[in-house]
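[1] Attaching a predicted model along with its sequence, questions to come.
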Amino acid sequence: MARARIGDDIGRAALATVRAVTADGGDAAASVDRSTLALAVRYSLQLLAERAPGGTLEVRVPPYAAVQCVEGPKHTRGTPPNVIETDASTWLALAIGRLSWADARASGRVHASGQRAELDGLLPVV
């Protein structure tokens, strides 16, 4: 069953909270309440999936959400061949432009497997 689309007003409010809390380099996961953090993660992943629709790449931010995105061969069963996984704070830093994809990869803050596990050019999403 598909999750209902998060409204832009609610999603933007959650992201604004994350931006405010992390403006001085703070950690979103340590500084934002869990429900706001979850909403910000889900909304920003929703924006990614809307920007790059498809089923070639799965982006996971456990335990909050995962989306399939990027046009190309669609994955339907088992472990996807192209996966990106990271924690909520790293994902939100990427989504709002506080962390570059290259820096996240170089520092080991994201785990990417598969030849199409790439988000360069799709971030930030907001």
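    Good, I have the coordinates. Numbering: from 1, shown residues only.
[2] which SS class is residue 20?
    helix (DSSP: H, G, I helix; E, B strand; the rest coil).
[3] Neighbours of it, how many?
    Counted with other CB atoms under 10 Å, the neighbours of residue 20 add up to 12. Every residue, glycine included, has its C-beta placed from N, CA and C.
[4] Toward the C-terminus, what is the element adjacent to the helix or strand of the chain with the lowest mean pLDDT?
    Within the chain, confidence by mean pLDDT, DSSP states H and E is lowest for helix 28-31 among all helices and strands, at a mean of 89. Using DSSP states H and E, the next helix or strand after helix 28-31 towards the C-terminus is helix 34-51.
[5] Show me what that following helix is packed up against.
    helix 8-22, helix 28-31, strand 57-61, strand 65-69, helix 88-96 (3 or more CB pairs under 8 Å, 6 or more residues apart in numbering; DSSP states H and E).
[6] Low-confidence stretches in this structure?
    Along the chain, segments meeting pLDDT under 70 span 1-2, 75-76.
[7] quick one: furthest residue from the center of the chain?
    Distance from the C-alpha centroid of the chain peaks at residue 77, with 21.6 Å (CA atoms, centre = their mean).
[8] Check the gap between the closest residue to residue 42 other than its chain neighbours and residue 49 for me.
    Nearest residue to residue 42, sequence neighbours excluded (CB to CB, 6 or more residues apart in numbering): residue 65, at 4.7 Å. Per CB to CB, to the nearest Å, residue 65 is found 10 Å from residue 49.
[9] so who does residue 57 touch?
    For residue 57, the contacting residues are 68, 69, 70, 80, 82, 83, 84, 114, 116, 117, 118, by CB atoms under 8 Å, 6 or more residues apart in numbering.
[10] Buried among those residues? Make that a ChimeraX selection.
    The ChimeraX command for the buried members of the contacts of residue 57 (criterion: 16 or more other CB atoms under 10 Å) is given here:
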select :68,69,70,80,82,83,84,116,117
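[11] now, which of the contacts of residue 57 lie within strands?
    Using DSSP state E, 68, 69, 83, 84 are the members of the contacts of residue 57 that sit in strands.
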